[in-house]
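J.: Structure here, sequence nowhere to be found:
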């Protein structure tokens, strides 16, 4: 994989508003037509994104609260990766301790599954 344009499936954590939402919607428009998995704790906003931008079938919405206990977070990420094994890129826009906890919680999962996955932190 040489750049984000080559990614076929991208997970954006924290994508119900602000930079995360704009990022997810921009990725959805890449020429490579990737699947974009948007995650956030505000389920009504996830539903709104799906109804507004999900007609292509490439936008997936999954509730995820990064402030959840690490075991809960690992379980949720495992479920996401099981349902979408072709995730190549994970982006998060959280500028809090939650971001560090998220990355620390999911890194062992990625290592155990030998996934070719990149984690990118974007400060908002």
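T.: Perfect, thanks for sending it. In this text, all values refer to a predicted model and were calculated from it rather than measured experimentally.
J.: just the strands in this structure please.
T.: With DSSP state E, the ranges of strands along the chain come out as 9-13, 35-40, 59-63, 89-92, 118-121.
J.: could you redo those strands as TSV and give each row mean pLDDT, distance to residue 51 and mean neighbour count?
T.: C-beta: built from backbone N, CA, C; applies to glycine. Output for the strands of the chain, formatted as TSV (pLDDT from 0 to 100; distance: least, CB to CB, whole Å; neighbours: other CB atoms under 10 Å):
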stretch	mean pLDDT	distance to residue 51	mean neighbour count
strand 9-13	85	18	25
strand 35-40	91	13	25
strand 59-63	92	10	18
strand 89-92	70	23	23
strand 118-121	54	27	15
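J.: Need these in CSV (columns: distance to residue 80).
T.: Converted to CSV, the strands of the chain look like this (distance: least, CB to CB, whole Å):
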stretch, distance to residue 80
strand 9-13, 7
strand 35-40, 7
strand 59-63, 6
strand 89-92, 10
strand 118-121, 14
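J.: How many neighbouring residues does the closest residue to residue 45 other than its chain neighbours have?
T.: If the residues on either side of it in the chain are set aside, residue 45 comes closest to residue 16, at 3.8 Å by CB to CB, 6 or more residues apart in numbering. Other residues near residue 16 come to 22 when the count uses other CB atoms under 10 Å.
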